[in-house]
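# What follows is a predicted protein model with its sequence.
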Amino acid sequence: MGNETAAEALVLVVSRSFDAPREAVFDAWLDAAQPAKWMGPHGVRAEIDAVEPKIGGRYRIIMHPEPGGTPTVGGVYREISRPDRLVFSWSWENAHPDGSAGIETIVTVTFEDEGGKTKMTLRQEGLETVESRDSHEHGWAGSFDKLAEVLG
C-alpha cells in the first residue's frame, strides 16, 4: 500500500474552468492549428510537427523556450470521445530540465459542461519524481492560461 500512496502522490491533477462550450475546449486539443497558439507556458512557442486525431494517431510538439533549446514531446492518442474525454501518452524525446526524457506518462483530459462554460480536468500519471510533477504542473498551468486567452 505504501507504493500506491507514493505513486498517487506523483499523479498530477489540474482543473480549470473556461468561458467556452466544451466542444470548443475539446477541439482546441485536436485541431492542428490550435495547440500552437496555447501549448507551453508563457515564454514558450510551440511548433506542431504532427497531429493525427484518431485512436493510434500520433502527435509531436517542438517547444521553443527562451533562451534556446528545443524540448520535443510526442505521444499516441489512446481514446478520443468528443466532447467528454481525451487520453494520450506523453513522452519527452530529448533532454528536459526535469529529467523526464524518455519516460512515458498517460494524460487523461475530461471536459464537463457547466451551463455553457467548461470545467476541464487534466490527470497525468506515471511521473517519476516530485520535480517532474511540479515541472509539468507549471507547464500545464501556463498552457491553460494561454488557452483561456485563445478561447476568449
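Ah, there it is.
# Buried residues of stretch 130-139, list them for me.
Across stretch 130-139, burial judged by 16 or more other CB atoms under 10 Å covers 132, 133, 135, 136, 137, 139. Heads up, the C-betas are built off the backbone N, CA and C, glycines and all.
# typed the wrong thing, it's stretch 31-39
Neighbour-count burial for stretch 31-39 [16+ other CB under 10 Å]: 34, 35, 37, 38, 39.
# returning to that earlier point: now, which of the buried residues of stretch 130-139 sits nearest residue 30?
residue 139 (19.1 Å; CB to CB).
# What does that closest one show for phi and psi?
In this entry, residue 139 is assigned phi and psi values of phi -60, psi -50 (degrees, to the nearest 10).
# wait, doesn't it sit right on residue 40?
Yes: between residue 139 and residue 40 there is a contact at 6.8 Å, judged by CB atoms under 8 Å.
# coming back round to it: of the buried residues of stretch 130-139, just say which sits nearest to residue 100.
The shortest gap between residue 100 and any of the buried residues of stretch 130-139 belongs to residue 132, at 4.5 Å (CB to CB).
# Cool, thanks, signing off.
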